[in-house]
Each structure stands twice: as C-alpha cells, then as structure tokens.
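In: next come a sequence and a model predicted from it.
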Amino acid sequence: MKQKLIRLSQRYVTALRNHLTQGPCASLQPALRLGRQAVVLGLETLELAQIHEQALATLELSNNRDGFIKRAECFFNETIIPILETHHAARQTKSHINRLEKMLGQRTEELATTNRQLQRSVARRKIKEDAFENNHKHHKKCLEESLELQKRLRQLTHQVLAAQEDERRNISYELQNEIAQTLLGINVRLLSLKKEARSNTKVLKNEIASTQQLVAKSAKSVRRVSREFGIS
C-alpha cells in the first residue's frame with residue numbers, strides 16, 4: 001500500500017507540473033484520473049490534500065507567480081471530485097436502506113398486532129367452550145368457531161412469515177440493483193478511460209485493468225450475497 005501511495009504521489013507531481021506548463025487552457029482530465037486512482041486506493045480528501053501539498057513543495061510553488069497557485073488549486077479541486085461523488089452515492093444508499101428497514105419494521109409490527117388479537121380471540125373462544133361444555137349444541141358451535149379461528153391464525157402466521165420474507169427479498173434485490181448499477185457505471189467509465197489511454201503510458205493502462213478486475217470481483221461478490229439471500 002505504501003508503495004502505491006508513493007507512486008500516486010509521483011504521478012501527481014508529474015501531472016501537476018504538466019498541467020501548469022501547458023498553461024491556463026490545459027485539460028483537467030489527468031486530475032480526474034488521479035482522483036479515480038485515489039478512490040481505488042481508498043484515500044480520503046485529507047490524504048489527497050497532503051499529496052497536493054507535497055507536490056507544491058516539490059515544485060517549489062511558494063508564491064503566486066504567473067497564477068500557478070490558483071491553477072494548482074483548480075487541479076486539486078478536480079482531483080477530489082471522484083471522492084466526493086463516492087461519498088454522495090454511499091449516503092444515498094444508506095438513506096434508502098434506512099427507509100426500507102423502517103417500512104419493514106412498521107409492517108412487522110402491524111402483523112404482530114393482528115396476530116395477538118387473533119390469539120386473544122382464540123383464548124376467548126376456548127373459555128366459551130369450557131363454559132358451555134354441558135350444552136352440546138353450544139359446545140359444537142364454539143368448537144367449530146375455535147377451529148375456524150385456529151385456521152385463520154395459521155393462515156395469518158403464514159402470511160406474516162411470507163411478508164417478512166418478501167420484504168427481505170425486496171431489500172436484498174434493491175440493494176443488489178443499486179450496487180450493481182454503481183459498479184456497472186464505474187466499469188463503463190473505466191472502459192471509456194481505457195480507450196482514451198491508448199496514447200498514454202503502459203502503467204496507466206495496467207492501473208485501469210487492475211481496477212476493472214476489482215469491479216468484476218465486486219460484482220461477483222454481489223451475486224454471491226444475492227444467492228445467499230435467496231434472490232434468483
């Protein structure tokens with residue numbers, strides 16, 4: 001990991017130097033690529049800021065001559081965009097899961113309340129059966145009602161279990177879709193980046209290929225989790 005950070009820092013210095021040398025109209029695509037590599041390494045904004053400060057020191061940009069400091073700041077702001085996008089996507093996914101869990105909790109509570117009501121009804125019917133034990137007609141009627149209530153209780157219990165299973169499947173399925181769509185989006189962007197990198201260094205192509213393998217591994221993990229949850 002340390003070696004990867006060192007290589008990223010070196011690439012950052014090189015890219016920043018090239019950006020400043022090319023002038024105000026220089027492309028910010030190299031900054032975005034560095035940002036995506038930082039996401040793959042699991043870096044946060046503060047860590048990337050430290051790399052940026054080290055690059056400024058290496059390039060000896062201690063003053064604002066020719067507007068270099070301002071342009072270097074724009075380069076850094078472009079670099080952290082992929083990290084900010086990753087944080088935003090994570091917050092959206094967490095919020096959606098929380099809403100689904102709240103809905104599941106409410107549904108389970110409602111079904112449990114109905115279940116308790118039916119259980120109390122069965123208990124009352126059983127008392128009536130004991131009270132009218134000497135009356136054959138009454139006893140028969142109460143027994144039939146009790147059997148019907150027990151049947152309804154079994155049906156409701158089955159519905160409770162089925163509802164809980166459906167909600168769990170829905171949560172798993174929606175979570176799978178969100179993660180898979182995110183991974184697919186990353187992979188599409190990497191494919192596009194790989195085409196653009198045909199004229200760039202071999203190291204960059206290897207980094208992209210490595211990242212694609214990571215995406216494929218993540219997608220495989222998602223499918224495995226899906227199978228464990230019973231999603232076909």
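Out: Arrived safely, thanks for sending.

In: remind me which helix or strand residue 31 belongs to.
Out: Assigned by DSSP states H and E, residue 31 falls within helix 29-40.

In: CA atoms only: put that helix into CSV for me.
Out: Below are the C-alpha coordinates for helix 29-40, written out as CSV (Å, rounded to 0.1, in the frame of the first residue of the first chain):
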residue,chain,number,x,y,z
GLN,A,29,-8.7,15.1,-17.3
PRO,A,30,-5.4,13.9,-15.8
ALA,A,31,-6.7,15.3,-12.4
LEU,A,32,-9.9,13.3,-12.7
ARG,A,33,-7.9,10.1,-13.5
LEU,A,34,-5.7,10.7,-10.4
GLY,A,35,-8.9,11.2,-8.3
ARG,A,36,-10.3,7.8,-9.5
GLN,A,37,-7.0,6.1,-8.7
ALA,A,38,-7.2,7.7,-5.2
VAL,A,39,-10.7,6.2,-4.8
VAL,A,40,-9.4,2.7,-5.7
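
In: and the helix or strand following it, which residues are buried?
Out: Downstream of helix 29-40, the first helix or strand assigned by DSSP H and E is helix 45-58. Neighbour-count burial for helix 45-58 flags 48, 51-52, 55-56 (criterion: 16 or more other CB atoms under 10 Å). In this view, the C-beta of every residue, glycine as well, is placed from N, C-alpha and C.

In: could you say what helices and strands the longest helix along the chain packs with?
Out: The residue-count maximum for a helix in the chain (DSSP state H) belongs to helix 136-196. Counting contacts by 3 or more CB pairs under 8 Å, 6 or more residues apart in numbering; DSSP states H and E, helix 136-196 packs against helix 29-40, helix 81-131, helix 202-228.

In: what's the last one packed up against?
Out: In terms of contact count using 3+ CB pairs under 8 Å, 6+ apart, helix 202-228 is assigned the packing partners helix 29-40, helix 136-196.

In: at 6 Å what do you get?
Out: The elements that helix 202-228 packs onto, with contact taken as 3 or more CB pairs under 6 Å, 6 or more residues apart in numbering; DSSP states H and E, are helix 136-196.

In: what about the helix it packs on, average pLDDT?
Out: Taken as a whole, helix 136-196 has a mean pLDDT of 78.

In: next, the angle helix 81-131 makes with that helix.
Out: If you take axes from the mean of the first three to the mean of the last three CA atoms, to 10 degrees, helix 136-196 sits at 170 degrees to helix 81-131.

In: so for residue 37, what's the pLDDT?
Out: pLDDT at residue 37 comes out at 91.

In: hmm, I was thinking of residue 47
Out: pLDDT, residue 47: 89.

In: how close does it get to residue 41?
Out: From residue 47 over to residue 41 the distance is 9 Å, taken as CB to CB, to the nearest Å.

In: that older thread, okay, the helices and strands packed on helix 136-196 in TSV with distance to residue 159 and mean neighbour count next?
Out: Output for the helices and strands packed on helix 136-196, formatted as TSV (distance: least, CB to CB, whole Å; neighbours: other CB atoms under 10 Å):
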stretch	distance to residue 159	mean neighbour count
helix 29-40	45	20
helix 81-131	7	13
helix 202-228	25	14
